[in-house]
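**Q** I'll drop the sequence and a predicted model, then ask my questions.
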Amino acid sequence: MKNHVLRPLWLAIGLVLLIMVARHFMVPEDFGVHGDSFTYNYYRLSNVDEWKDFPVKYQGRERCSKCHEENFESISHSRHKKIQCENCHGPAAGHPREVKQLVIDRSREQCLRCHALLDYPNSRRGMMKGVVSEKHKRKFECSKCHNPHNPNLEDR
């Protein structure tokens with residue numbers, strides 16, 4: 001064979017060998033197929049314990065219901081019943097011991113995440129009541145007039 005064919009071939013073979021050597025030194029020993037629980041079944045086995053030790057930030061509505069029974073009851077019978085408390089109130093990690101009060105996002109943008117008027121025909125999102133933000137009381141927070149814990153009531 002001619003040199004112009006052999007040089008790129010040897011370069012490609014050398015590159016593949018270099019990648020295989022680098023992989024041997026860089027990939028942990030416990031990386032491989034360990035079951036059907038992760039993408040393509042490849043993961044580092046010791047990573048499972050790391051994730052188990054990772055602190056949970058979101059606690060879920062059941063934890064909120066223990067102390068905030070009135071709001072929990074109100075929202076569980078409303079159109080917002082599918083929304084987790086922490087979507088608006090933020091992650092409850094450390095509440096109530098370390099974090100005495102959760103910061104509530106009362107901004108219009110928070111409400112418009114779901115209630116911006118989107119014209120999606122034949123979808124549940126299109127059926128949800130939407131607001132044209134530029135026309136609907138732009139200077140006020142939504143919670144000044146609407147009760148997010150009971151949106152079935154028009155005004156408070």
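**A** Received it, and whenever you're ready, just let me know what you need. Numbers count the residues shown, from 1 in each chain.
**Q** pretty sure residue 110 is touching residue 88, no?
**A** Yes. At 6.4 Å, residue 110 and residue 88 qualify as touching, with contact defined as Cβ atoms under 8 Å. C-betas here are computed from N, CA, C, even on glycine.
**Q** And the helices in this protein?
**A** 3-26, 45-53, 61-65, 69-76, 86-89, 108-115, 124-127 (DSSP state H).
**Q** Would you check the distance separating the third one from the middle of the chain?
**A** In this case it means helix 61-65. Distance, stretch centre to chain centre, for helix 61-65: 18 Å (Cα atoms, centre = their mean, to the nearest Å).
**Q** which residues sit against that helix?
**A** 71-72, 84-86, 92 (Cβ atoms under 8 Å, 6 or more residues apart in numbering).
**Q** quick one: low-confidence ranges for the chain?
**A** Low-confidence regions of the chain, defined by pLDDT under 70, span residues 1, 38, 125-127, 152-156.
**Q** Which segments of it make up each domain?
**A** Annotated domains of the chain cover 3-53, 61-144 [automatic domain parsing].
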